[in-house]
Structures are given as C-alpha cells and as structure tokens.
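A.B. asks: I'd like to go over a predicted model; first the sequence, then the structure.
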Amino acid sequence: MDLKTNWIAVILCVGLMVRSSVAALKKCYSCRGQAIVNSNCFDPFNANGITEHNFCAGSCRKIHSVSGTGGYIERLCMMSEFPEDCSREGDDSNYIETCYCNTDNCNGSHRQSRAQFASVASGLSLTMNSSLFGTTVLMFCLISMGSVTVATICYSCHAQENINKECFHPFNKDGEGVKLSSFCSGACRKIHSVSGTGEFIERLCMNDDHPEGCTKTGGYTNYIEVCYCNSDYCNGSHRKHTHSLAVLAGLAAAFFCLIRTLVM
C-alpha cells in the first residue's frame, strides 16, 4: 500500500471522528434550584441567567424532587443518551420525577451506536489491512472514538429519606437502587439538597471535568451542597483512590512503543 493511500486513510479516520463527535451534540439547560434558592431554575422556568451546555453528547435531563413542603429541581446534560421518557418514584407528596429528552434545550419548560461504530471500524480495516501504518492509525482511531476508555468509576443514584434509601445516608453501595458509571469521562458528583423538612441526595457521573471540592448555597435550613471529585467511587461514603492518570500514561507509553516498533 503506497503512502498516498495511507494518508487518505488518515484523513478518512479524522473526518469520521470529527463527524461522529459533532453530529450528536445538542444544547441543554444546566442549573439546580429550590423555590427560594436559584428560583429561575425552578418551575415556572425562567431561562434568563440560566447556563446553557452547548456541547452535550448525551441526553438533556430534568429531575424534580418533592418532599413535604420542599422541592428541588435540576436540569443538566448527561454523559450518555437515554430514551425520551419520564419516570416517577414515590407518592403524591414525596416523589422523584426524572425526565430525559434529546432535542436542544428540551429540559427547560447522540452518541454514535456501537453497531455504527463497528461498521466504521470494519470499513477502515478493509482499507488498511495490508499496511502496518494503517493498522497503527486504526488503533489510534479506536482509542480516540471510545473503544478503549480509561475513566473514573462513579456511583449513580438519587434518593430521599423514604425513596431509594440505599443512596441516602448511611450510603449502601450494594443497595438495589445504586448503580455504577464505570466509564465516566468527567468528574464524580454528589448533591445534597435540604429544604425545610425534606432532603434530596444524588450521586452521578458528570459529562465534564471539575476541580475537586464542595460549594454550598442557601442558608442553614434551606441549602444545596454540591461536591465534585475525580477518583474511583469518590462520591460514595468512602473514597477509593486509583491512579487513573498513571494508567493512562502507561497506555500512552505502550502505544508510542508500538508505533516505534512498526515503523522501524
């Protein structure tokens, strides 16, 4: 295979990567609030002053939690895409309602499928199967497009005192309502909202990186505390530190050595 064909393969790979990254992006509103804390985010929703997430690769989401006389709402971009739907847990006076949607700013008032990804990889293999250089390019494309992911593991759940108690305090990592986001490309997050006699907790993986730390808005009896962290399981009750950056560096070194071996 000549050099010209190899470079055509490189351009094709980059083009597919850019296309697959841009095609599925959408806008989502991003905010959290109670009736008296960041009320623009609450219902009735007021988009003035609300942040827009302009490069959301997954679904837009809205959570509405009601506990006694207190309420909590969050609108955000998810890392993954979900079917458009709403679900409710609890009863009329104490419930958590979660809605997902997949159009621009739909959480106010797509990732490529694995089958499509496999088709792209198959086509590149047929084009470059006789070239060591082409094989290296293919490996790079697979890593870049998400076939190989070095990421953080986060707990994923939301709860009130009497709904999904495993996610609440004390936290039960083995509880029925607690899931793991094993391929989180951003930070792990924990939200603790207190409104009068009602409390709400959510643990999840974010689409973006955030500095580690906690912020608190509101007063003593009505507040929202948000914490971000960047190590495995860190948004549970105990942190379990793993050195993901070291693993990533090792993978990069191995990939570099492979390239040198193939071109020598």
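C.D. replies: On my side now, so go ahead.
A.B. asks: where does the chain have low pLDDT?
C.D. replies: Confidence mapping of the chain against pLDDT under 70 gives the ranges 1-24, 35-36, 68-69, 110-150, 197, 237-264.
A.B. asks: all helices for it, in order.
C.D. replies: Ranges of helices within the chain are 3-23, 114-128, 132-144, 244-263, based on DSSP state H.
A.B. asks: Which residues does residue 95 form beta bridges with?
C.D. replies: Applying DSSP bridges to residue 95 gives these bridge partners: residue 66, residue 90.
A.B. asks: Same check on residue 29?
C.D. replies: Taking DSSP bridges as the rule, residue 29 bridges to residue 52.
A.B. asks: is it true that it touches residue 50?
C.D. replies: Yes: between residue 29 and residue 50 a contact is recorded at 5.4 Å, counting by CB atoms under 8 Å. Backbone N, C-alpha and C define where each C-beta goes, glycine included.
A.B. asks: Would you quantify the distance from the spatially closest residue to residue 55 that is not a sequence neighbour to residue 32?
C.D. replies: The shortest distance from residue 55 to any residue that is not its chain neighbour, by CB to CB, 6 or more residues apart in numbering, is 5.0 Å, and that residue is residue 25. Taking CB to CB, to the nearest Å as the criterion, residue 25 is separated from residue 32 by 22 Å.
A.B. asks: the more surrounded of these two?
C.D. replies: In terms of neighbours (other CB atoms under 10 Å), residue 32 is the more surrounded of residue 25 and residue 32; the figures are 20 against 16.
A.B. asks: List the residues that contact the closest residue to that one other than its chain neighbours.
C.D. replies: In space, not counting the residues next to it along the chain, residue 32 is nearest to residue 74; the distance is 4.1 Å by CB to CB, 6+ apart. Residues counted as contacts of residue 74 (CB atoms under 8 Å, 6 or more residues apart in numbering) are 31, 32, 33, 41, 61, 62, 63, 191, 202.
A.B. asks: can you pull the contacts of the nearest residue to residue 85 once chain neighbours are set aside?
C.D. replies: Of all residues not flanking residue 85 in the chain, residue 100 sits nearest, at 6.0 Å (CB to CB, 6+ apart). Remark: with contacts taken as CB under 8 Å, 6+ apart, residue 100 is in contact with 59, 60, 61, 78, 82, 83, 84, 85, 86.
A.B. asks: Which single one of these is nearest to residue 152?
C.D. replies: Checking the contacts of residue 100 against residue 152 by CB to CB gives residue 78 as the nearest, at 15.6 Å.
A.B. asks: quick one: the closest one and residue 63 touch, right?
C.D. replies: No: if you go by CB under 8 Å, residue 78 and residue 63 don't touch, sitting 10.9 Å apart.
A.B. asks: Which of residue 29 and residue 50 has more residues huddled nearby?
C.D. replies: Higher neighbour count among residue 29 and residue 50: residue 29, with 23 against 17, using other CB under 10 Å.
A.B. asks: From residue 45, how far off is that one?
C.D. replies: Noted for residue 29: a distance of 8 Å to residue 45, by CB to CB.
A.B. asks: Give the residues shared as contacts by the two.
C.D. replies: Residues within reach of residue 29 and of residue 45 at once, by CB under 8 Å, 6+ apart, are 75, 108.
A.B. asks: For burial, what's the neighbour tally of the nearest residue to residue 76 once chain neighbours are set aside?
C.D. replies: Among residues not flanking residue 76 along the chain, residue 30 sits closest, at 5.1 Å (CB to CB, 6+ apart). Taking other CB under 10 Å as the neighbour definition, residue 30 ends up with a count of 20.
A.B. asks: residues contacting residue 30?
C.D. replies: Residue 30 sits next to 50, 51, 52, 53, 75, 76, 77 when contact means CB under 8 Å, 6+ apart.
A.B. asks: same thing with residue 39?
C.D. replies: Applying CB under 8 Å, 6+ apart, the residues contacting residue 39 are 33, 46.
A.B. asks: mind checking how far it is from residue 172?
C.D. replies: From residue 39 over to residue 172 (counting by CB to CB), the distance is 33 Å.
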